[in-house]
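Visitor: sequence first, then the predicted structure:
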Amino acid sequence: MTSPERTRAAQRLRTLRLGRGWSLLDQARALRDAARRLRMPTVAQARLSTIQRTIARWENEAVRPGERYQLLLARVYADQGGTTALGPGSDFDQLMTVFALYGIEAARMSELRNLVAGALTSGTSSTSAWT
């Protein structure tokens, strides 16, 4: 049984995806593309159907994304129409609210925010500096 917070997180994560006009396949492609840019081979080489099932578990079973996917989601949602948007009301900001509902620790969310902001402003395309 899932907590009410996790259920709300799952609903909001789905709303965030749909707000971008993305199907599960669209989001799977975005995550895999980000994984390729960040040199994260496990996700970069995954089948799209596998990534789609992972997304569906987050949204339907209120399973919280693992750390690897937290980073990818943060990176994908920080990009808003070709520009970086991390501030209040941005998709990234909404994602951080979702993560809080999933029970992801504040320190981890701060780390994600710093990693994404630093990578996007410096043009870093590898996670080597992120580990």
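Guide: Right, received. Where do you want to start? Remember, it's a predicted structure, so these values are computed and weren't measured experimentally.
Visitor: elements contacting the one helix or strand in the chain whose mean pLDDT sits lowest?
Guide: Every helix and strand of the chain was ranked by mean pLDDT, DSSP states H and E. The lowest is strand 83-84, at a mean of 80. In this structure, strand 83-84 packs against helix 106-122, with contacts taken as 3 or more C-beta pairs under 8 Å, 6 or more residues apart in numbering; DSSP states H and E. (Each C-beta comes from the backbone N, C-alpha and C, glycine too.)
Visitor: how far does the helix it packs on sit from the chain's center?
Guide: Mean-position distance between helix 106-122 and its chain equals 12 Å (C-alpha atoms, centre = their mean, to the nearest Å).
Visitor: averaged pLDDT, it. What do you get?
Guide: Mean pLDDT, helix 106-122: 85.
Visitor: next one: stretch 51-60
Guide: In this model, stretch 51-60 has a mean pLDDT of 97.
Visitor: may I see the buried residues of it?
Guide: With burial defined by 16 or more other C-beta atoms under 10 Å, the residues of stretch 51-60 counted as buried are 51-52, 54-55, 58-59.
Visitor: the least confident helix or strand of the chain: how far from the chain's middle?
Guide: A distance of 15 Å separates the centroid of the chain from that of strand 83-84, by C-alpha atoms, centre = their mean.
Visitor: next helix or strand past that strand?
Guide: Under the assignment DSSP states H and E, the closest C-terminal helix or strand after strand 83-84 is helix 91-102.
Visitor: the residue most central in space within the chain and Arg64, how far apart?
Guide: Closest to where the C-alpha atoms of the chain average out (C-alpha atoms, centre = their mean) is Leu73, at 1.3 Å. Per C-beta to C-beta, to the nearest Å, Leu73 is found 11 Å from Arg64.
Visitor: contacts for stretch 90-106?
Guide: 3, 5-6, 8-9, 12-13, 16, 19-20, 62, 64-65, 70, 73-74, 77-78, 80, 85-87, 108-109, 112-113, 116 (C-beta atoms under 8 Å, 6 or more residues apart in numbering).
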